[in-house]
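*Asks:* sequence plus predicted model, see below.
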Number of protein chains: 2
Amino acid sequence: MRNNSTDTKKKGSTQTKTSVTAEKKKNAVASSGITVSAELLIFSIDEDKLQLLMIEREEKPYAGLLALPSVEVGIKENLDDAALRGITEVTGLDDVYYEQLYTFGDKNRDPKKRNISVSYMALVPIEKLAFRPGERVAGVWLVDVDDLLEGDDELAYDHREMIEYARWYLADRTESTTIAFHLVDDMFTLPDLQRVYEIILGRSLYKANFRKKVAGLIEETEYLTTGDAHRPSRLYVLAEE
Amino acid sequence: MRNNSTDTKKKGSTQTKTSVTAEKKKNAVASSGITVSAELLIFSIDEDKLQLLMIEREEKPYAGLLALPSVEVGIKENLDDAALRGITEVTGLDDVYYEQLYTFGDKNRDPKKRNISVSYMALVPIEKLAFRPGERVAGVWLVDVDDLLEGDDELAYDHREMIEYARWYLADRTESTTIAFHLVDDMFTLPDLQRVYEIILGRSLYKANFRKKVAGLIEETEYLTTGDAHRPSRLYVLAEE
DNA sequence: CAACTTAGTATTATATTTATACTATCTGTC
DNA sequence: GACAGATAGTATAAATATAATACTAAGTTG
């Protein structure tokens, strides 16, 4: 599998916020070349729902609509670094799991300029995120993705298509890889992990079978949950290798 | 699954060969922006080997080395259309199965300019290809991919990495989709199809099990092979839907 | 301490995958 | 023209994985 490991370190996060506004005004009709951007799909799980981080646009085009956060790739910046810079900008985190998904390059995908956009998916445990579902923080929302996709509200650009693809991809990979582990904290209970799987896959799983499946991937710790009105649950960590 | 269907029609193939040479000379040091190209991995199967179409470079950088064919994406051209234009240019075919793979965007991947490259994979039955393994036609070679990857000959740009990814992807998808059907002719025998699977997966399969697996995907025709010194083999087509 | 609730395990039933052994039908040769 | 050699194609058993159910365990709350 091709994926960017968690330990990718931040590189471009010292720079100030890129001036998207100024950039837009310079090329009102058609710029001299193609611009490349990274569009970010930052997922988390909270309130038993798969949540996606989105921006409420303040300017045209698509003012007032929800859009994915994005960054323009710098002329001397690696594509992967640009994506991580964007993730860091919007979440404040720099050790996040992320991987490239798909590149969208229809000539009219941006009404104002010729832009090709590479979508990236990031997975963040809710414990590390400063945002909460339904709360607006500096124009940023955490939205229930499946709700969003079921509804027919217009989204900016081709972002609905991007989200649909990422949503499918996340479920598909969850079936065959350990990608979903990035949505729980470093130490987690099996009931919690199972809930994450169920939310992503959209169906309930048998407890006994789920445990058999992940048994070889995890290592138990000495810790147990406390305070719940039922039998405590053991905490596990992802096994090395 | 996201993939471009076979029936994508050609659009940009009337234009003349893009002047790659002239383009290169214009920006000897650093161009004003990022250029975007589509890099093409055109696979076929012949002589019981997975073959890849490659170009022998005549100019710097990497003169004399093997490289993937590529096209620069036009300012008013859809990304997918650019890829198909390139496939048509080099094969003469316009109804080819192809899909986007992965985007390579390291800032130094091209020593002469800032370029981001989107890799595309195309699968062509050898019957439709004008090339034969080991033969050079207008600077184009069909090379045994697994041989190439095992050896340590230098390839142009980051093309070794691109090929490694595509090689992995093809095998991975062959396990779970019908993608490999695009490497046989419209009408095919099951022994032939099985051979294609074995070459891609790199292991032998049990005849009876292979047949059970594809049984639901194919429709038998009335035709049989003739002339072989053994029992004739029935010809099948891919079932609709 | 009984009722409730969720954690965790043991075991069976079913389906899928893996593997082997067989029969079928052509060509070429003596 | 029968039989040897070759590959096509099928039937069936063995092993493994997946799906499903039923149970026991260990906390809190009233």
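*Replies:* Perfect, thanks for sending it.
*Asks:* residues of chain A that sit close to DNA strand C?
*Replies:* Neighbours of DNA strand C within chain A, by CB under 7 Å from any atom of the strand: A:189-191, A:207-208, A:211, A:224, A:228-234. From N, CA and C alone the C-beta is placed, and that goes for glycine too.
*Asks:* can you select the buried ones from those in PyMOL?
*Replies:* Applying 16 or more other CB atoms under 10 Å in any protein chain shown to the residues of chain A next to DNA strand C, the buried members can be selected in PyMOL as follows:
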select buried, chain A and resi 189+190+233
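*Asks:* just the ones of the residues of chain A next to DNA strand C in strands?
*Replies:* Taking DSSP state E as the definition of strands, these contribute A:189, A:224, A:234.
*Asks:* of those residues, closest to B:Ile87?
*Replies:* When these are ranked by distance to B:Ile87 (CB to CB), A:Thr189 comes first, at 50.4 Å.
*Asks:* can you check the pLDDT for the nearest residue to that closest one once chain neighbours are set aside?
*Replies:* Nearest non-adjacent residue to A:Thr189, counting by CB to CB, 6 or more residues apart in numbering or on different chains: A:Ser233, 4.0 Å away. We have a pLDDT of 97 for A:Ser233.
*Asks:* and for A:Lys10?
*Replies:* Looking at A:Lys10, its pLDDT is 27.
*Asks:* what do you get for the one 10 residues further on?
*Replies:* Per-residue confidence at A:Val20 stands at 36 (pLDDT).
*Asks:* same question, A:Glu241
*Replies:* The confidence metric pLDDT takes the value 72 at A:Glu241.
*Asks:* helix/strand/coil for it?
*Replies:* coil (DSSP: H, G, I helix; E, B strand; the rest coil).
*Asks:* now do the strands in chain A.
*Replies:* Using DSSP E, the strands found in chain A span residues A:35-46, A:49-56, A:66-67, A:70-72, A:97-104, A:115-123, A:140-144, A:188-189, A:218-224, A:234-238.
*Asks:* in TSV: those, plus distance to B:Leu201.
*Replies:* Below are the strands of chain A laid out as TSV (distance: least, CB to CB, whole Å):
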stretch	distance to B:Leu201
strand A:35-46	32
strand A:49-56	34
strand A:66-67	42
strand A:70-72	38
strand A:97-104	25
strand A:115-123	28
strand A:140-144	40
strand A:188-189	35
strand A:218-224	30
strand A:234-238	29
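*Asks:* among those, which is nearest B:Glu220?
*Replies:* Across the strands of chain A, B:Glu220 has its closest neighbour in strand A:97-104 (36.8 Å, CB to CB).
*Asks:* pick the one among the ones in strands among the residues of chain A next to DNA strand C closest to DNA strand D.
*Replies:* Taking CB to the nearest atom of the strand as the measure, A:Leu224 is the one of these closest to DNA strand D, at 7.4 Å.
*Asks:* who does the closest one bridge with?
*Replies:* Beta bridges link A:Leu224 to A:Arg234 when assigned by DSSP bridges.
*Asks:* could you tell me how many residues sit around the residue nearest to A:His159 when sequence neighbours are not counted?
*Replies:* Residue nearest to A:His159 in three dimensions, not counting chain neighbours: A:Leu68, with 5.0 Å by CB to CB, 6+ apart. A:Leu68 sits with 25 neighbouring residues when counted by other CB atoms under 10 Å in any protein chain shown.
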